[in-house]
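have a look at this fold, sequence not included:
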């Protein structure tokens, strides 16, 4: 029977691949205008740049290339998204009525991406990654 560490390595790689891939899909929606019926944000707008970060960093995280910097940028982008677009800290009463809770302001996905990518920014991509092959253990 395989040891526990091999299952952990596989699970970490699977989470990285799925989270990065899903993040890239969000970026593809915004930047490329695919995978949805909504209109895309105006080119060069803040939402468009956010989509570009999602697309590029998501793809890099998924394959495990330059994972630490890509995950740090992705994590920060989701923190901005949460505070600016979900919690809307500039609104009066933003601290009242539990508007800071992700379940209330529909920011669950932004908060979850923020912390998942923060883990990869700190810990790296793991063994099943291009980073590992490229640097011997980034």
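Sure, I can see it. These numbers were taken from a predicted model, which means no experiment stands behind them. Numbers count the residues shown, from 1 in each chain.

what's the neighbour count on residue 14?
11 (other Cβ atoms under 10 Å). (Glycine included, C-beta is placed from N, CA and C.)

need phi/psi at it.
Dihedral angles of residue 14 (phi, psi; degrees, to the nearest 10) stand at phi -60, psi -40.

tell me the contacts of it?
Going by Cβ atoms under 8 Å, 6 or more residues apart in numbering, residue 14 touches no other residue.

what lies in contact with stretch 48-66?
Under Cβ under 8 Å, 6+ apart, the answer for stretch 48-66 is 13, 16-32, 40-42, 67, 70-71, 73-74, 77, 80-81, 117, 120, 125-126, 128-132, 134.

typo on my end, stretch 21-39
With Cβ under 8 Å, 6+ apart as the criterion, stretch 21-39 contacts 40-41, 47-48, 50-59, 61-62, 74, 113, 117.

buried ones among those residues?
40-41, 48, 50-59, 61-62, 74, 113, 117 (16 or more other Cβ atoms under 10 Å).

any idea which helix or strand carries the residue nearest to residue 9 when sequence neighbours are not counted?
Nearest residue to residue 9, sequence neighbours excluded (Cβ to Cβ, 6 or more residues apart in numbering): residue 127, at 4.8 Å. Using DSSP states H and E, residue 127 sits within no helix or strand.
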